[in-house]
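Enquirer: Sequence first, then the predicted structure, then my questions.
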Amino acid sequence: QVQLVESGGGLVQPGGSLRLSCAASGSIYTINARGWYRQAPGKQRELVATITSGGITNYADSVKGRFTISSDNAKNMVYLQMNSLKPEDTAVYSCNLRGRRWPGGANLNYWGQGTQVTVSS
């Protein structure tokens, strides 16, 4: 069983900052990548940012230059620093982990419950 728990969401004014954290627990053999996705009301879930086990990052165009993803593999943590937040960043942000639970096992996606981020004055 792999569990992901997000924290750090909340209400922030436009232009403000928030830092999301995601803690992973459970039995995992190898992690290929971790990431953050978001889903706004009435919209499909979209990728925000990902980071591979080797530290390669990828960002949605809409957040480039404003958001930074990072990870602490020793602590099984991944973070999303969000600066210059805009009302259109309002969404439920979910943490994702893709990896194998045992050697030769399938690469599976695991998801957290999500944390609400609201950007409003």
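Expert: Done, it's in.
Enquirer: Phi, psi for the residue sitting furthest away from the middle of the chain please.
Expert: Distance from the C-alpha centroid of the chain, by CA atoms, centre = their mean, peaks at Gly104 (25.8 Å). Torsion angles at Gly104 (phi, psi; degrees, to the nearest 10) stand at phi 80, psi 0.
Enquirer: and what of Pro87?
Expert: Here is the backbone geometry of Pro87 (degrees, to the nearest 10): phi -50, psi -30.
Enquirer: Excluding sequence neighbours, find me the nearest residue to it.
Expert: Leaving aside its sequence neighbours, Pro87 sits nearest to Val119 (CB to CB, 6 or more residues apart in numbering; 5.0 Å). Quick note: C-beta positions are derived from backbone N, CA and C, even for glycine.
Enquirer: Is that neighbour bridged to anything, and to what?
Expert: Note on Val119: beta-bridge partners by DSSP bridges are Val12.
Enquirer: What are the neighbouring residues in contact with it?
Expert: Contacts for Val119 (CB atoms under 8 Å, 6 or more residues apart in numbering) come out as 11-14, 16, 85-90.
Enquirer: Torsion angles phi and psi at the closest residue to Val2 other than its chain neighbours?
Expert: The shortest distance from Val2 to any residue other than its chain neighbours is 4.1 Å, reached at Gly26 (CB to CB, 6+ apart). Backbone torsions for Gly26, taken as degrees, to the nearest 10, come to phi 110, psi -180.
Enquirer: So for Gly26, what's the pLDDT?
Expert: For Gly26, the pLDDT comes out at 90.
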